[in-house]
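**Student:** coords please:
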Amino acid sequence: DPALLRPGRFDRQVYVPLPDIRGREQILKVHMRKVPISDNVDPSILARGTPGFSGADLANLVNEAALFAARANKRLVDMDDFEKAKDKVIMGAERRSIVMPEKERRNTAYHESGHAVVAKSLPNTDPVHKVTIIPRGRALGVTMQLPTEDRYSHDRESLFSTIAVLMGGRIAEEVFMNQMTTGAANDFERATDLARNMVMR
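**Tutor:** Take a look at the predicted model:
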């Protein structure tokens with residue numbers, strides 16, 4: 001409520017941004033003290049692969065990794081557990097119980113491949129980290145890109161490249177399946193929002 005922030009009510013406001021790469025590494029180290037960690041776990045690598053994560057997200061990441069290790073009856077939490085945990089936190093939990101018809105699986109594969117090929121072909125796009133057609137969260141498939149460093153602003157070319165990557169799934173459906181599905185609806189919404197913000201901000 002803006003009324004709470006009127007002059008004289010709160011004289012000092014403290015803005016707490018999301019942690020940068022060094023902050024994420026330190027936060028991870030704090031939470032890792034609570035679980036038995038394998039020697040192959042490198043907090044600096046995990047910090048690089050978790051841009052945009054809050055302190056709570058990082059705590060959740062460590063907890064999820066510990067759960068994966070426990071389910072596999074491991075004594076120590078290793079890097080593989082952290083990779084699985086990161087995928088779950090970023091992309092959502094796997095929904096292996098869903099049985100997709102073959103045609104829909106093929107369409108999803110082409111759709112996600114379209115995102116990945118465009119991302120690989122264009123300059124100024126984040127590297128493709130993972131592509132899957134295992135349903136996760138509310139998505140039938142996911143193409144995951146991860147930046148190599150923290151970024152605080154975007155230039156025009158990188159934004160155009162991002163829009164192109166978002167449209168790549170729909171184009172692949174049209175080229176290889178001769179049809180378009182509702183699977184691209186969220187991509188359209190994100191591309192439209194991005195284009196609108198480019199014009200209005």
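
**Student:** ok, Leu76 - how many residues close by?
**Tutor:** The number of residues packed near Leu76 is 13, by other C-beta atoms under 10 Å. Just so you know, the C-beta spots here come from the backbone N, C-alpha and C atoms, and that holds for glycine as well.

**Student:** Not counting sequence-adjacent ones, nearest residue to it?
**Tutor:** Nearest non-adjacent residue to Leu76, counting by C-beta to C-beta, 6 or more residues apart in numbering: Ser38, 4.1 Å away.

**Student:** repeat for Gln26
**Tutor:** Nearest non-adjacent residue to Gln26 (C-beta to C-beta, 6+ apart): Pro19, at 7.9 Å.

**Student:** how close does that neighbour sit to Lys86?
**Tutor:** Distance, Pro19 to Lys86, by C-beta to C-beta, to the nearest Å: 16 Å.

**Student:** buried sites along the lengthiest helix in the chain?
**Tutor:** Criterion DSSP state H: the longest helix present in the chain is helix 156-177. For helix 156-177, the neighbour count (16 or more other C-beta atoms under 10 Å) marks 161-173 as buried.

**Student:** Switch those residues over to CSV; also include pLDDT.
**Tutor:** Listed next are the buried residues of helix 156-177 as CSV, based on pLDDT from 0 to 100:
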residue, pLDDT
Ser161, 94
Thr162, 94
Ile163, 95
Ala164, 95
Val165, 95
Leu166, 95
Met167, 95
Gly168, 95
Gly169, 94
Arg170, 92
Ile171, 93
Ala172, 94
Glu173, 92
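
**Student:** What lies in contact with stretch 39-48?
**Tutor:** With contact meaning C-beta atoms under 8 Å, 6 or more residues apart in numbering, stretch 39-48 is reached by 21-22, 24-25, 28-29, 32, 61, 77-79, 82, 86, 148-149.

**Student:** An error on my part: the question was meant for stretch 7-18.
**Tutor:** Leu4, Leu5, Gly52, Phe53, Ser54.

**Student:** Give me the buried entries from those residues.
**Tutor:** Buried, going by 16+ other C-beta under 10 Å: Phe53, out of the contacts of stretch 7-18.
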